[in-house]
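Novice: Give me coordinates for this.
(chains A, B, C and D)
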4 protein chains.
Amino acid sequence: MTTLSPGILAALEKQAIELPSWAFGNSGTRFRVFPTPGTPRDVFEKVADAAEVNRLTGLSPSVALHIPWDLVDDFGALRRHAEDLGVRLGTINSNTFQDEDYKFGALTHHDERIRRKAIEHHLACIDVMDATGSRDLKIWLAEGSNYPGQNDMRDRQDRLNDSLRQIYAHLGDDQRLVLEYKFFEPSFYHTDVPDWGTSYVQVASLGDKAVVCLDTGHHAPGTNIEFIVMQLLRLGKLGSFDFNSRFYADDDLIVGAADPFQLFRILVEVVRGGGLNNPDVAFMLDQCHNIEAKIPGQIRSVLNVQEMTARALLLDRDALAAAQRENDVLTANAVFMDAFSTDVRPALAEWRQSRGLPADPMGAYAASDYQTRIAADRVGGTQAGWGA
Amino acid sequence: MTTLSPGILAALEKQAIELPSWAFGNSGTRFRVFPTPGTPRDVFEKVADAAEVNRLTGLSPSVALHIPWDLVDDFGALRRHAEDLGVRLGTINSNTFQDEDYKFGALTHHDERIRRKAIEHHLACIDVMDATGSRDLKIWLAEGSNYPGQNDMRDRQDRLNDSLRQIYAHLGDDQRLVLEYKFFEPSFYHTDVPDWGTSYVQVASLGDKAVVCLDTGHHAPGTNIEFIVMQLLRLGKLGSFDFNSRFYADDDLIVGAADPFQLFRILVEVVRGGGLNNPDVAFMLDQCHNIEAKIPGQIRSVLNVQEMTARALLLDRDALAAAQRENDVLTANAVFMDAFSTDVRPALAEWRQSRGLPADPMGAYAASDYQTRIAADRVGGTQAGWGA
Amino acid sequence: MTTLSPGILAALEKQAIELPSWAFGNSGTRFRVFPTPGTPRDVFEKVADAAEVNRLTGLSPSVALHIPWDLVDDFGALRRHAEDLGVRLGTINSNTFQDEDYKFGALTHHDERIRRKAIEHHLACIDVMDATGSRDLKIWLAEGSNYPGQNDMRDRQDRLNDSLRQIYAHLGDDQRLVLEYKFFEPSFYHTDVPDWGTSYVQVASLGDKAVVCLDTGHHAPGTNIEFIVMQLLRLGKLGSFDFNSRFYADDDLIVGAADPFQLFRILVEVVRGGGLNNPDVAFMLDQCHNIEAKIPGQIRSVLNVQEMTARALLLDRDALAAAQRENDVLTANAVFMDAFSTDVRPALAEWRQSRGLPADPMGAYAASDYQTRIAADRVGGTQAGWGA
Amino acid sequence: MTTLSPGILAALEKQAIELPSWAFGNSGTRFRVFPTPGTPRDVFEKVADAAEVNRLTGLSPSVALHIPWDLVDDFGALRRHAEDLGVRLGTINSNTFQDEDYKFGALTHHDERIRRKAIEHHLACIDVMDATGSRDLKIWLAEGSNYPGQNDMRDRQDRLNDSLRQIYAHLGDDQRLVLEYKFFEPSFYHTDVPDWGTSYVQVASLGDKAVVCLDTGHHAPGTNIEFIVMQLLRLGKLGSFDFNSRFYADDDLIVGAADPFQLFRILVEVVRGGGLNNPDVAFMLDQCHNIEAKIPGQIRSVLNVQEMTARALLLDRDALAAAQRENDVLTANAVFMDAFSTDVRPALAEWRQSRGLPADPMGAYAASDYQTRIAADRVGGTQAGWGA
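Specialist: Just a heads-up that it's a prediction; the model follows:
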């Protein structure tokens, strides 16, 4: 069995991957959302499910919230609920894509009333952060246009900058603004923050507390994502990851499910650039379990990240550097692939047990009665989803 | 002003583009459906809106229905309603993507009960066709899987063939089965009918009454769609078009909006292959007006098809053939581009007037009180959408 | 250490992957071809290099030839040379992309003189096959056009069919015509055989001895290649693979280098569909070692195929089928991923040794003096490349 | 006939599109370069051909050179030769992709000797600029790697920055460094400057005299290129265009040939952002006439840019802004499409004549004996191509 060195295990022990509250709610495509028994009706139940993932894996000590989906009257109570279950409340995600007013834009809107409303929404999110103790305000800008001519892209870019400046001004000393980019969807012609370059120039103009969020699904076909990871780390602006995977567009599949080698390459660059276990670079999932079971879906996801991190840490960087110096393409690639090809699962299982965790978290969840229990308990009410 | 020859005008006069009933209902993305005033509450109102498009353009004499969205107790009454408004009921579209049972497949499902149910749904659609006088049963197979290993793709393909055979056996002598293909969505790993090749081999095994539907949005990036048009016409299996356009994935934008030159090239191949005004090759729209006004959206769409058809008919095929024979790449391309670059709009406007149609159907609609009226009248009830 | 069952080892023992003679010659991009010391000057030296790959791996008992690049006066002598080195001459590849006459087409050309010449070239290839004992005539049709209007795609398709019929008529009873498809390049607007559907309908019209070649690099971004493997096996028309890998277009990188999981999925479908060690489904490499060492590049390639075949054979199909029957998406995927995640390299190394092969063929080559020897010996003359 | 306003004509009169000297030499794909009669043997003949394009169109007053392809002993003589023919020498393009030393990198190479050599090459290019009076040093970085692990992307990025700084330091006060980006090719795994973001952060760190070159073919499928035009103009860093078009990858087809609507949208953003006839934003072609006639290919190209510029200038920005303010998607799009749909060719032909230019430059060239003359005169010697 491959053994993992104490250094690698120490690095893995610190790993933390934030779970998105919405992964536990229902989701689907524009064609259909399939409900499932036991789906949470509110954020308290979502946090409970997230805590269960953490209990079995030790990998997910915090939960990201989405406002207004997870709005509650008493965030102090929610925070205590989380802490009682051994997890923290994490990133606060704003939402400017489901209000009638935002049909044609929010932070970019030409109507000052609507733009003001969108800015205020973000200030309210900062208030939530103050209550939850969250550090990061994550902004995914679901804005854009569907038809050429529909909008003036330049004016929108300038208004976006102004809006972000106003929001940034309200951040506390230890808070951050994290700007996500996305190639397309829900807009089909243009997206106001379509690529890392746009997110970068926007946050760079704001200041040190503004950084970029890289969602692994939000790129054009063929994009070398690990290059972007490298570049943003180099620029000191990689604030967080939204992990997921995809075959086509923003499929939001389980991270590592579509292209495990890509996930490995990304994590190799994270390690290379000092991004592992670096508080400046948050790891988070952003996925949709449309047809698979949600809690095991999250367990599988964090295990996939852990497994690929272990493989990335196995990379023999001295041997790699030596081969690179010789322009020995095949040896360098062989060193690289050797780390990827190594099966670290037995070593990870053994190590998990040594830490009092189940060797097989997926099996442990299946063997537990958690799913049966929530399916029985969570009856009545409205299951949480993107619209609630 | 460019003039259109009598031959071209005669061809244009015969042109018919079927409208989809669902284009008049609400639609959106997985993130949000924005409702609009005046949206139909039922299929009678959808047909009325479609008839309005036809009244202003003379281009859309029929309306496609979607079952169960457009299910009514008395299709005879619906048929008379349509005929009173000057239009016909057209293609019947089945739906196997919104029933809980179909979460993991329908015509391909390994559970014989569910597969039987899906087949029966199609037989019920044929019953509707008998009542509406429709010729075509269109099957878009929204089936597939999200994760490698989830399903046995080969077994599904075989079961699909068996299901289609059973449905095919119930077609009347003048009825057709039209099988659409789609690259991805709502499935993200594999789609059971992802490409024209699969649709072709499936329908070819059924018989002469089974043909392929080509949706212009359902292809991988960079696909030469007019090549497929050419090939399917050559094989005698191009049964119908679902027209729309897209920049990225299946954006379902107005046909011709994203790449008018592509629409031109497609129509050039249609003309070349004898597909224009050929009853075997149905023209239909399949679009979503997520943010733009729906009725004018449909008017614009049929006008775009008409305009590009006119340009395609302007192509000087003798000059083109001569340049091709000489391997004169630039002259051949120049002849081709000359047709595309010609502004046929004034000639079309004049011709429209000569036929008693408004020169500017978009302006005529805007000047009419139709929108105001339906917004005022259609109050209460539930607006139609994909879920209803 | 994972152990491989006798059944798996028996399957692996039969595996044969044909090497392309041109992989040992120089290749490059349109910008530059970098020569390397020891590059063969003729096909005798190419065959010697291929034999060296086979000597170290036991995986590549045959060599594909490219006509006219590998044309010799005495194919009997070449055949004996190969056999003396323990390999056979395999597939004969025609070439219709480097003659001035073929600038605008060959088997599709409107000029009957040129089309006749292209057909005759293929008949000459069949003569070579008779001399070499080759079974397969592989046709990659590098034909198409660069500008819309340049050619009549339909006429070309019909002429292609006629050309193929004439060639097919000359095949011996045990010979096959294998038609490759390619999405684009060297043509940029249209390719005459761009997709599996076109290759399929062309060969299906010819007869049982005509089959499709699937080059893993010749697809649009996002294409589910294993689906095509499944479909062609289902249709009995998957004649051969051209293995390679790519990140963007037809990069011709080492198979398995860009997306090892994709290679695994392809091999799972090969096994599923009865294509493994099936003489009807030939395995071949088609790669370009532009910057890496060529002989080790080929060794690495066949080892990659072997390794992924071993993983594919490890798939627990009973467990998979059980999970699929339960619609248990995550368990099915877990069973699938378990096979992929298993490190079979130690078991393969041990097995290799048991067969008298080096445990580490890459290391054995590096430790040998073969490269030094050919670099010293092969001085003078013109190194082989695509133009020679 | 559509008339073009005096304002539009004044803008068009100032338009200048630089021609690349290499467009007149032979080019091709990795499979084949087809020579053509009359191809220049040296840069003097290339400049003569470029001057002929300018003589017929009045659109191309300067010629870009490529070093070392266009290296001459006496650039003063070349300059006078150009001026005698009515054109100027323009941008100097460096070349770091054809020297054996640059196989694994140039400005990014870990070997300081090679990196120094590459820097010196650029300093020599600046010397050429001083002799030719050129303003711009354009750097297309054909560097990267083919296999994961082959190189340390981060180190390369840092070394690139250092190299660029050294080159930048040698620029004269009125000279600029223009850094091109490219998605892929000739490297297949990673490109050192793959996207506008990377080019931007590199040049932004250098100073005001460093800007970005946008080649319209160098993007991932589906990329909204006009968005990037907008963003770079907004940031004051759009230094130049390399115009061409493509269906798939870097096809280098005639600008406007593949997607004329995209070219229109790009030019609309250029006008919107103040980039038209702005000396800071140079227009240049970068194309390959692999199979079509070269001089007419260049004439067609500059006419395409002129035609789309005219259409972009026709855009009724007041009407557009009004519709945008109303969120009237369809009207805004209609205003946009109205400009695109207008046939400006007759008005341009008339205006050309009024300026003493042929109404139909393509026809005028065909009617002239220029091609016959160069085919007769340019016999012997070696035709220019990428390798010479």
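Novice: what's the next secondary structure element after the strand or helix carrying residue A:114?
Specialist: Using DSSP states H and E, residue A:114 maps to helix A:112-132. On the C-terminal side of helix A:112-132, the closest following helix or strand by DSSP H and E is strand A:136-140.
Novice: Around chain B, pick out the residues from chain A.
Specialist: Residues of chain A found near chain B (Cβ under 8 Å from any Cβ of the partner chain) are A:27-32, A:34, A:97-98, A:100, A:103-104, A:142, A:146-148, A:183-186, A:188-189, A:221, A:246-249, A:251, A:253-254, A:257-258, A:290-292, A:386. (C-beta placed from N, C-alpha, C; glycine too.)
Novice: Could you tell me the per-residue confidence at the most centrally placed residue in chain A?
Specialist: The centroid of chain A falls nearest to residue A:242 when counting by Cα atoms, centre = their mean (2.6 Å). Residue A:242 is assigned 98 on the pLDDT scale.
Novice: just residue A:320 next, same as before
Specialist: Reading off the model, residue A:320 has pLDDT 98.
Novice: rewinding a little: SS state for the residue nearest to the centre of chain A?
Specialist: Secondary structure assignment for residue A:242 (DSSP: H, G, I helix; E, B strand; the rest coil): strand.
Novice: so it sits right up against residue A:288, yeah?
Specialist: No. Assessed by Cβ atoms under 8 Å, residue A:242 is found out of contact with residue A:288, at 11.8 Å.
Novice: got the phi/psi numbers for the residue in the stretch 201-350 of chain A that chain D sits nearest to?
Specialist: Proximity of the stretch 201-350 of chain A to chain D (Cβ to the nearest Cβ) peaks at residue A:336, 2.8 Å away. Phi and psi for residue A:336, reported as degrees, to the nearest 10, are phi -60, psi -50.
Novice: mind listing the strands for chain A?
Specialist: A:19-20, A:62-66, A:88-93, A:136-140, A:144-145, A:176-180, A:190-191, A:210-215, A:238-243, A:282-285 (DSSP state E).
Novice: Throw those strands into JSON lines and include distance to residue A:262, thanks.
Specialist: Formatted as JSON lines, these follow (distance: least, Cβ to Cβ, whole Å):
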{"stretch": "strand A:19-20", "distance to residue A:262": "21"}
{"stretch": "strand A:62-66", "distance to residue A:262": "23"}
{"stretch": "strand A:88-93", "distance to residue A:262": "24"}
{"stretch": "strand A:136-140", "distance to residue A:262": "21"}
{"stretch": "strand A:144-145", "distance to residue A:262": "26"}
{"stretch": "strand A:176-180", "distance to residue A:262": "19"}
{"stretch": "strand A:190-191", "distance to residue A:262": "22"}
{"stretch": "strand A:210-215", "distance to residue A:262": "13"}
{"stretch": "strand A:238-243", "distance to residue A:262": "11"}
{"stretch": "strand A:282-285", "distance to residue A:262": "16"}
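Novice: will you turn the ones you listed into a markdown table that also has distance to chain C?
Specialist: Compiled in a markdown table, the strands of chain A are given as follows (distance: least, Cβ to the nearest Cβ, whole Å):
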| stretch | distance to chain C |
| --- | --- |
| strand A:19-20 | 16 |
| strand A:62-66 | 21 |
| strand A:88-93 | 25 |
| strand A:136-140 | 23 |
| strand A:144-145 | 22 |
| strand A:176-180 | 22 |
| strand A:190-191 | 19 |
| strand A:210-215 | 18 |
| strand A:238-243 | 17 |
| strand A:282-285 | 15 |
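Novice: tell me the contacts of the residue nearest to the centre of chain A?
Specialist: With contact set as Cβ atoms under 8 Å, 6 or more residues apart in numbering or on different chains, residue A:242 has these partners: A:180, A:213, A:214, A:215, A:216, A:217, A:218, A:284, A:285, A:286.
Novice: Which of those residues has the largest number of neighbours?
Specialist: Using other Cβ atoms under 10 Å in any protein chain shown as the neighbour test, the contacts of residue A:242 are led by residue A:213, with 29 neighbours.
Novice: Identify the bridge partners of it.
Specialist: When bridges are called by DSSP bridges, residue A:213 pairs up with residue A:180, residue A:240.
Novice: distance of it from chain B?
Specialist: For residue A:213, the distance to chain B (Cβ to the nearest Cβ, to the nearest Å) stands at 17 Å.
Novice: Pull the contacting residues for that residue.
Specialist: Residue A:213 neighbours (Cβ under 8 Å, 6+ apart): A:138, A:140, A:178, A:179, A:180, A:181, A:199, A:239, A:240, A:241, A:242.
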